[in-house]
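> here you go, sequence then predicted model.
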Amino acid sequence: MNEFRLDPESLSFTLITSKVDGCKACKEKGKEVFSIPSSHGLVRAFEIKDDVQPSKYELSGEFFKSSPADGYEEVVVDNEKHEDKLKTYTVEEIEELLAILKDRLDALNKYNLGQNLVITRAPEEHGYFDLLLLPIPRKEAKGCFECESLKNPGNREIYSTENFLVYVPFAPKADFEMVVAPKKHIGFSQCDPMLLFDLAGIIKKLSAIREKETTWAILQSGHGHFKLKFFGGKTTPYDILEVKKATINPDLLAKEIRDTKGL
Ligand SMILES: [Zn+2]
Ligand SMILES: [Zn+2]
């Protein structure tokens, strides 16, 4: 059984899972949750099972924050085959996909699934978005981090449009990282068509500037100010949330060592 555990020392979460990374659209999709026609075919969403479910242990006490680790994950697939054509999509087609994701998030917001949203688009993969909504990790701050960050002279501006600022962050988490932040405090599901069109144009431009693999992700946490990030390489939603992964259950590992090594 997969579960999230909180490390009481670093206060970072680990996902204990036996699953190895692979194409979720080919291997892990569960029941279809919706389908909608688009200009390049049917866009279909499928539930992802297992990773996101209640933890067996409610961790509480001096060194533990309470950890009811549930949430929701689905893949939104815009290509039946294992190939990604996103780089060939027009700005209008990218905007159409963003609008589908926005509507989907609107629908999911009716349920209390968690405030941490990550939607990744992995490079040259199947042509799908991996959408994850989790109540963890909780980042509690007085103000909005994104609003503060927009005023931070440490961020290295690349360019800006009417609605968005594109910059390299002061302390990037990877060799290649760019942030696209709305200039006003707004959630992804509140974007109007004008904003989505502007964002789609930026995605089209930024997707073309690097030949190597680049993942982009829509991110939003507790204070509700979304942003888009581009990362070099293939990056999963868990990497972006800084949730570590262990594929061997620690309980079983300890038992196996006890039982087989004569300790
Ligand atoms: Zn695939
Ligand atoms: Zn804000």
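Sure thing, it's come through. Because the structure is predicted, anything quoted here is derived from the model rather than measured. Residues are numbered from 1 along each chain as shown. Ligands and ions are numbered 1, 2, ... in the order given.
> list the buried residues of the longest strand anywhere in the chain.
Of all segments of type strand in the chain, defined using DSSP state E, the longest is strand 29-38. Across strand 29-38, burial judged by 16 or more other C-beta atoms under 10 Å covers K29, V33. No exception for glycine: its C-beta is placed from N, CA and C like everyone else's.
> right, and the helix or strand after that strand?
Downstream of strand 29-38, the next assigned helix or strand under DSSP states H and E is strand 41-48.
> which residues touch that next one?
24-25, 28-37, 73-80, 97, 100, 104, 130-131 (C-beta atoms under 8 Å, 6 or more residues apart in numbering).
> tell me what angle the helix or strand that that strand is followed by forms with strand 41-48.
Downstream of strand 41-48, the first helix or strand assigned by DSSP H and E is strand 72-77. Strand 72-77 and strand 41-48 are oriented at 160 degrees to each other (axes from the mean of the first three to the mean of the last three C-alpha atoms, to 10 degrees).
> any idea which residue sits dead centre in the chain?
V118 (2.3 Å; C-alpha atoms, centre = their mean).
> any idea which element it lies in?
Element membership for V118 (DSSP H and E) is strand 116-121.
> can you list the strands that that strand pairs with?
Using DSSP bridges, the strands paired with strand 116-121 are strand 128-134 (antiparallel), strand 214-220 (antiparallel).
> mind listing what S12 touches?
L6, P137, E242, V243, K244.
> ok, now how distant is it from C23?
Per C-beta to C-beta, to the nearest Å, S12 is found 27 Å from C23.
> just give me the neighbour total for I209.
10 (other C-beta atoms under 10 Å).
> show me what contacts it?
Applying C-beta under 8 Å, 6+ apart to I209 gives no contacts.
> ditto for Q190
Contacts of Q190 (C-beta under 8 Å, 6+ apart): none.
> for it, give its distance to N109.
10 Å.
> shared neighbours, those two?
Counting by C-beta under 8 Å, 6+ apart, nothing touches both Q190 and N109.
> and the lengthiest helix in the chain, how far out from the chain's middle?
Longest helix in the chain, counting residues (DSSP state H): helix 91-108. In terms of C-alpha atoms, centre = their mean, to the nearest Å, the gap separating the centre of helix 91-108 from the centre of its chain is 15 Å.
> what of stretch 189-209?
That offset, for stretch 189-209, works out to 17 Å (C-alpha atoms, centre = their mean).
> then stretch 152-165?
22 Å.
> run through who's touching that stretch.
Against stretch 152-165 from outside (C-beta under 8 Å, 6+ apart): 149-150, 166-170, 178-184, 194-195, 198-199, 201-202.
> do it and ligand 2 meet at all?
No: if you take C-beta under 5 Å from the ion as the test, stretch 152-165 misses ligand 2, and the best it gets is 12.3 Å.
> list the contacts of F176.
Neighbouring residues of F176 by C-beta under 8 Å, 6+ apart: R210, K212, T214, F230, F231, G232, G233.
> out of these, which comes closest to Y89?
Of all these, Y89 sits closest to T214, with 15.0 Å by C-beta to C-beta.
> pull the number of nearby residues for the closest residue to ligand 1 within the stretch 101-250 of the chain.
Taking C-beta to the ion as the measure, the stretch 101-250 of the chain has H126 as its residue closest to ligand 1, at 3.4 Å. Other residues near H126 number 19, with proximity taken as other C-beta under 10 Å.
> just checking, it touches N79?
Yes: the pair H126 and N79 passes the contact test of C-beta atoms under 8 Å, sitting 6.4 Å apart.
> residues in contact with the longest helix of the chain?
The set of residues external to helix 91-108 that reach it, using C-beta under 8 Å, 6+ apart, is 34, 36, 38-40, 43, 45, 72, 76, 78, 86, 89, 117, 119, 129, 131, 133, 188-189, 191, 193, 196-197, 199-201, 203-204, 218.
> quick one: low-confidence parts of the protein?
The model of the chain has pLDDT under 70 over residues 1, 50-70, 138-140.
> quick one: name the residues of it near ligand 1.
Counting by C-beta under 5 Å from the ion, the chain comes close to ligand 1 at C23, A25, C26, H82, H126.
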